[in-house]
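Engineer: Prediction below, plus the sequence it came from.
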Amino acid sequence: MQVVKERRYPEKKVKMLNKLVELGEKYRCIAISNLHKVRTAQIAELKKRLRGKLEILVAKNTIAKKAFSKLNLPKDFLEGLKGSNAFIFTNLDAFSLYLLMEKNKTNVPAKSGDIATDDIILPAGNTGLPPGPVLSEFKTFNVPTRIDAGSIWIDKDTLVAKKGDLISPTLSSLLSKLNIKPIKAGLSISLAYMDGLVCKEIKLDIKEYENYIQEALREAHSLAIGIKYPAREILPKIVMQLHRESLALANRINYYDRDTLPLLIGKALTQAQNIKIEAEKKGYSS
């Protein structure tokens with residue numbers, strides 16, 4: 001490990017710099033997570049919950065940039081050191097790390113100025129709130145309410161903010177009174193360095209990815225059946241298709257055997273019926 005000793009750095013900063021270098025040499029993946037609106041308690045909880053899977057350090061960008069330069073990390077990665085950041089070190093790949101971070105996000109109360117991370121819906125039912133000034137807050141967001149047994153009831157589920165909307169002071173106040181915590185908070189991965197590559201587009205939608213795989217599977221099945229590729233998974237379908245095609249061919253050329261004879265008799269009866277109908281149209285009787 002490269003140990004840094006520089007007089008112009010206070011001992012605490014030198015210790016942090018050396019720790020960043022040590023972890024960078026130890027793990028295959030280094031990720032940057034912006035700390036905007038991330039609370040210290042959340043980082044502490046993540047460290048505790050994910051101990052053994054990763055290590056998290058919060059350091060100033062100047063120290064991190066010097067440490068990562070000593071590790072010969074690419075310029076693209078160093079340019080991502082903006083704002084306040086936490087640095088995550090792990091042997092997971094960048095995409096598994098992203099999913100792990102998303103899974104471990106928690107819901108927190110909405111503050112004025114927050115951005116809604118999902119659609120916010122007030123559920124129908126008893127709010128437990130007594131009638132009063134809060135009714136004007138419900139009215140602001142067109143929430144249908146009624147008074148029953150001394151409590152405010154919401155008549156139906158009501159959307160009060162869409163994903164990406166700015167949370168207003170009024171909405172923040174209302175959500176707080178209802179004890180609704182709609183904001184998903186935690187560490188998000190903005191950039192990662194893994195196995196010599198800088199990963200900039202890490203966001204992964206599992207449902208969308210599953211849809212892509214299912215569509216690719218359907219297309220692969222169709223192609224394999226079309227070219228008669230005898231894969232084990234689709235061989236029964238190919239056999240059934242060939243059987244249908246052989247019956248159709250036998251029917252066209254009037255080839256008869258045990259399987260095709262019923263088809264040929266049926267075709268002959270149909271033809272005979274058609275001849276009878278045409279004969280009757282021309283005045284011939286049977």
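Structural biologist: Alright, I've got the coordinates. Just so you know, these numbers come straight off a predicted model, no measurement behind them.

Engineer: Mind telling me what element E210 is part of?
Structural biologist: helix 206-226 (DSSP states H and E).

Engineer: give the contact list for the residue nearest the centre of the chain.
Structural biologist: What sits nearest the mean C-alpha location of the chain, by Cα atoms, centre = their mean, is D205, with 2.4 Å. By Cβ atoms under 8 Å, 6 or more residues apart in numbering, the contact set of D205 is empty. Every C-beta, even on glycine, is put in place using the N, C-alpha and C of the backbone.

Engineer: the domain parsing of the protein - what is it?
Structural biologist: Structural domains assigned to the chain are 11-105+186-204, 120-184, 210-281, following automatic domain parsing.

Engineer: quick one: the shortest one to chain centroid distance?
Structural biologist: The offset between the C-alpha centroid of domain 120-184 and the centroid of the whole chain comes to 28 Å, using Cα atoms, centre = their mean, to the nearest Å.

Engineer: For the helix or strand where Q42 lies, which outside residues touch it?
Structural biologist: Assigning secondary structure by DSSP H and E places Q42 in helix 40-49. Residues from elsewhere that reach helix 40-49, judged by Cβ under 8 Å, 6+ apart: E55, I56, V58, A86, N104, T106, A185, G186, L187.

Engineer: Just to be sure, the first one is in a strand?
Structural biologist: Yes - when the secondary structure is assigned by DSSP: H, G, I helix; E, B strand; the rest coil, E55 falls within a strand.

Engineer: Please name the bridge partners of the closest residue to it other than its chain neighbours.
Structural biologist: Leaving aside its sequence neighbours, E55 sits nearest to F89 (Cβ to Cβ, 6 or more residues apart in numbering; 4.7 Å). Beta-bridge pairing of F89 under DSSP bridges involves I30, E55.

Engineer: Enumerate every residue touching F89.
Structural biologist: Counting by Cβ under 8 Å, 6+ apart, F89 makes contact with L23, G24, K26, Y27, C29, I30, A31, L54, E55, I56, L57.

Engineer: Could I get the contacting residues of the fifth one?
Structural biologist: By that I understand C29. I88, F89, T90, N91, L92, D93, A94, L97, A192, Y193, M194, D195.

Engineer: Can you say which of these are buried?
Structural biologist: Using 16 or more other Cβ atoms under 10 Å as the burial test, the contacts of C29 include I88, F89, T90, L92, A94, L97, A192, Y193, M194 as buried.

Engineer: And the residues you listed, which is closest to K282?
Structural biologist: Nearest to K282 among the buried ones among the contacts of C29: A94, at 80.5 Å, using Cβ to Cβ.
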